[in-house]
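[1] Pasted the sequence and its predicted model underneath.
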Amino acid sequence: MLFKSEKEKCFDYLVHTAYDDNNFILDFHIIPTNLHDSVAFEEIFSKVNNKYNSRIIETAVDARYVTLYITKTIFDANILPDIPYKRPMTKKEFFQKI
């Protein structure tokens, strides 16, 4: 159960899917919205990697999957990751203009 406010309660879930080049679904994983996306990535990546291990050359992930753990997992499987740029999530004081 996800609580948006005192009055709003909803039952939400996310479906994480893995596609091939022709947009066919290889696998999917359903998680509740209160779990981090990296939890779903680990399970779906291991399922797809075990099933299509030798045929995976590269993988593209969304910006929400840009974490050090996920990047290392992809590199350790000898797969080239296509990862979008994600701005640093630090305070403005850490980057001062010169």
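    Here it is on my side, so go on.

[2] Quick check: Asn49 is in a strand.
    No - Asn49 is assigned helix when assessed by DSSP: H, G, I helix; E, B strand; the rest coil, not a strand.

[3] residue ranges of the strands in this protein, please?
    For the chain, the strands defined by DSSP state E occupy 2-3, 9-10, 13-19, 25-32, 58-60, 80-82.

[4] Phe41 is nearest to which of these?
    Closest to Phe41 of the strands of the chain is strand 13-19 (Cβ to Cβ; 7.1 Å). Backbone N, C-alpha and C define where each C-beta goes, glycine included.

[5] Can you give the strand pairings for the closest one, parallel or anti for each?
    strand 25-32 (antiparallel) (DSSP bridges).

[6] List the buried residues of the partner strand.
    Neighbour-count burial for strand 25-32, counted by 16 or more other Cβ atoms under 10 Å, picks out Asp27, His29, Ile31.

[7] Likewise for stretch 58-77?
    Neighbour-count burial for stretch 58-77 flags Thr59, Val61, Tyr65, Val66, Ile70, Thr73, Ile74 (criterion: 16+ other Cβ under 10 Å).

[8] Distance of the fifth one relative to His36?
    Right, Ile70. 11 Å (Cβ to Cβ, to the nearest Å).

[9] same question, the last one
    To His36, Ile74 is 17 Å away according to Cβ to Cβ.
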